[in-house]
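Novice: Sequence and predicted structure are below.
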Amino acid sequence: MLRGNGQSGTIGEPLGDSLVVRVLDRFGQPVGGVQVTWTAVVGGSVNPPTSMTSSNGEAATERVLGIELGTYVTTAAVTGVEGAPEPAVFITTGVAAQLALTVAPPATATSGVPLDPQPVLQLQDTAGNDIAREGVVVTAQLSAGDATLDGGTTATSDAAGRIAFAGLTIRGAPGVQTLAFVAEGFAPATASVGLGVGSPASIAGTAGDGQSAVVASAVATAPAVLVRDADGNALAGIPVTFKVTGGAGSLTGANPVTGGDGIAAVGGWTLGRKAGTNTVAATISGLAVSGSPVVFGATATPGPVDAGKTTVDAAPATITASGGSSKSTITVTARDAYDNPIPGLAVTLSATGTGNSLTQPVDQTRSDGSATGLLSAASPGDRIVSAVVAGTAVSQTATVTVTAGAPSAARSTASVPGGKAGEATLVEIRLEDAQGNDVPGQAGAIAVSVSGANPQSAVAASDEGGGRYAATYTPTRAGTDKVQVKVSGTALPSSPFASAVVPGATDPGMSQAIVPACVESSQLPAKVTVTAFDAFGNRIAHGGDDFQIRVNQGVILKPTDNGNGTYSAALALTVGVFRVDITLGGKGVDESPYQIVVPFPFSGC
């Protein structure tokens, strides 16, 4: 184990310093080309999970902590080598607060001379918000390098959580020194300082600008810069700071040191999750050199279609059945896993149900990821619209509810039967739209009126469901009714409809009889005629009623049925006064009982 043990870091983030081991043979000499396997034993991850030792026997990895507070264990094991040593065990602590450098130490310094500028730090939470806490002691340490620290190696936070060092000095041989600022309960901050190296005069990019990559993926070429002195010579050992300045991406190895060729490159640049421009800036801390900052730009392009993020919308969600005049616009918006709209993709729509007219999107998805089609349908019902974008079936669907169109008088029908006085006449109406679909819920559009024998200005219609309606009226007069049926002010075909109304059942109380009050002997037998009427005074024109006649409450006589609603009887009487009862169903006809007088001969009536 060479370095990186015992660090504290912010949960969910990489540690400030890499974990480094050195592999030695049994004679204590470094061994190159040996594979080291790194294992995140408790939460988080390592990157890379395997690494090969360099010529000096060193291998390193980056440790990313998990999301829980507490202790994290990482092991480094040599594999594939006989007699390999026991794995090295690194112990680190995940904390929920961090130290952040607001003024970084200079990228270069002279041994024994106080750093200029002096480091200034701020207490922060994991979201980067300042923590106002007084009295937190922060210690400066050297986590890498062979130098020593002098001067003010500790500083205490003020009421705002600000920590300012004074007089901090590095003493040692030329080389790169890594400063670590640590405090209990806080993830440390680190910075590299080149001690005793040349004086940088310029910085320029050498690789990694102007690239493009899919969102949340790494660019092919890592950004790199070249540092030179005033005479144009490449400078080795100069710490360079790379920082994401746009696009919310991430870097690995963000604080490299220039090599013998004066070039320093980040370990990798992963673009942010949103499509668009990403930027990284490279600077030399504490020095205003020519060309600084060097800004690298890259374009993050949308990823592949995500079936769960892509949307299908219908507007309006409800249309009427038609031959194409009523339409819903179907909008499909293609998105990747990070909600970025994806242009330039083909979209295919489909819909359930029959009688559909589905217009496919003419163009590929636009810059906002959208493509639109049209749906109309000739029959009512729900249509489920789905989409396939660039071969990917979209999870979301849109529902378009198709309702029947406005009722059409030309397509609607009515049935009007003959009527009977005293009984309800049922007018049955069926409403259809122009497509022949039944139209429910339109009772208010129906107007029914009656002229003729039984005039009525308005007869209400009731909704019987499924496009069926009923209107009833009760006629009282026999004859012909003209039933007018209109829909939305327009008469139905064949309207008005004729309804022949017949009399109702014979009513004894309304039926009448002609009975002579006096019959001379020479005029006997006495002739009686009964005429049948219904309860509304309508003349009955058919026979079949069981009228009965009794004289002086004697034997029941059956009159002759004439078949036209009249009944006749001839009463064989003698001289005297007679009571005549005429009944139907046990009830007397109008004015029954009657009286007939037969006087003595030659007495006269």
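Specialist: Received it, and whenever you're ready, just let me know what you need.
Novice: ok, which stretches of this structure are helices?
Specialist: Listed in chain order, the chain contains no helices at all (DSSP state H).
Novice: where does it dip in pLDDT?
Specialist: Low-confidence segments of the chain, defined by pLDDT under 70, are located at 144-145.
Novice: let's see 50
Specialist: By pLDDT under 50, the chain contains no weakly predicted segment.
Novice: Could you chop it up by domain?
Specialist: Here the domain parsing of the chain from automatic domain parsing is 8-95, 97-195, 202-301, 311-403, 413-502, 512-598.
Novice: now the ones you listed in CSV, with distance to residue 2?
Specialist: Placement of C-beta: from N, CA and C, glycine included. Conversion of those to CSV gives the following (distance: least, Cβ to Cβ, whole Å):
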stretch, distance to residue 2
domain 8-95, 4
domain 97-195, 9
domain 202-301, 17
domain 311-403, 38
domain 413-502, 82
domain 512-598, 118
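Novice: Reformat those domains as a markdown table; add mean neighbour count.
Specialist: As requested, the domains of the chain are arranged in a markdown table below (neighbours: other Cβ atoms under 10 Å):
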| stretch | mean neighbour count |
| --- | --- |
| domain 8-95 | 16 |
| domain 97-195 | 18 |
| domain 202-301 | 19 |
| domain 311-403 | 18 |
| domain 413-502 | 18 |
| domain 512-598 | 16 |
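Novice: Please name the residues that touch the residue nearest to residue 103 when sequence neighbours are not counted.
Specialist: In space, not counting the residues next to it along the chain, residue 103 is nearest to residue 120; the distance is 3.8 Å by Cβ to Cβ, 6 or more residues apart in numbering. In this structure, residue 120 makes contact with 101, 102, 103, 162, 163, 164, 165, judged by Cβ atoms under 8 Å, 6 or more residues apart in numbering.
Novice: Verify the stated contact: the fifth one with residue 136.
Specialist: Meaning residue 163. Yes. Using Cβ atoms under 8 Å, residue 163 is in contact with residue 136, at 7.3 Å.
Novice: between those two, what contacts are shared?
Specialist: Contact criterion Cβ under 8 Å, 6+ apart; residues shared by residue 163 and residue 136: 123, 156, 157.
Novice: Closest one of those residues to residue 294?
Specialist: Of all the shared contacts of residue 163 and residue 136, the one sitting nearest residue 294 is residue 123; the distance, using Cβ to Cβ, is 30.6 Å.
Novice: I'd guessed the closest one sits against residue 101; true?
Specialist: No. Because the distance of 11.9 Å does not satisfy Cβ under 8 Å, residue 123 is recorded as not touching residue 101.
Novice: wait, residue 486 sits on residue 412?
Specialist: No. At 9.9 Å, residue 486 and residue 412 do not qualify as touching, with contact defined as Cβ under 8 Å.
Novice: Need the residues touching each of these two.
Specialist: Counting by Cβ under 8 Å, 6+ apart, the common neighbours of residue 486 and residue 412 are residue 492.
Novice: and stretch 332-342, how far apart are its ends?
Specialist: Across its full length, stretch 332-342 reaches 11 Å end to end, with Cα to Cα, to the nearest Å as the criterion.
Novice: now swap in stretch 57-76 and tell me
Specialist: End-to-end distance of stretch 57-76: 13 Å, with Cα to Cα as the criterion.
Novice: Also stretch 209-225?
Specialist: From the first residue to the last, stretch 209-225 extends over 11 Å; the measure is Cα to Cα.
Novice: For residue 599, give me phi and psi.
Specialist: When read as degrees, to the nearest 10, the backbone of residue 599 gives phi -80, psi 170.
Novice: Give me the distance between the residue nearest to it when sequence neighbours are not counted and residue 569.
Specialist: Spatially, and ignoring its direct neighbours in sequence, residue 599 is nearest to residue 605 (6.1 Å; Cβ to Cβ, 6+ apart). Between residue 605 and residue 569 the distance is 20 Å, computed by Cβ to Cβ, to the nearest Å.
Novice: Same question for residue 548.
Specialist: With distances defined as Cβ to Cβ, the gap from residue 548 to residue 569 amounts to 10 Å.
Novice: Same question for residue 560.
Specialist: Plainly put, residue 560 is 7 Å away from residue 569 if you go by Cβ to Cβ.
Novice: again, but for residue 532
Specialist: For residue 532, the distance to residue 569 equals 14 Å [Cβ to Cβ].
Novice: Over to residue 479?
Specialist: From residue 479 to residue 569 the distance is 31 Å (Cβ to Cβ).
Novice: ok, and what's touching stretch 46-64?
Specialist: Counting by Cβ under 8 Å, 6+ apart, stretch 46-64 makes contact with 2, 4, 9, 12-15, 18-24, 29-40, 44-45, 72, 74, 76, 90, 92, 252, 267, all of which sit outside it.
Novice: Oh, that last question was meant for stretch 537-557, not what I typed.
Specialist: Contact partners of stretch 537-557, identified using Cβ under 8 Å, 6+ apart, comprise 421, 477-478, 503-504, 506, 510-511, 528, 530-534, 558-559, 561-565, 567, 569, 571, 573, 578-585, 589.
Novice: So what would you say the end-to-end distance of that stretch is?
Specialist: Taking Cα to Cα, the span from the opening residue of stretch 537-557 to its closing residue is 25 Å.
Novice: same deal with stretch 339-352?
Specialist: End-to-end for stretch 339-352, by Cα to Cα: 28 Å.
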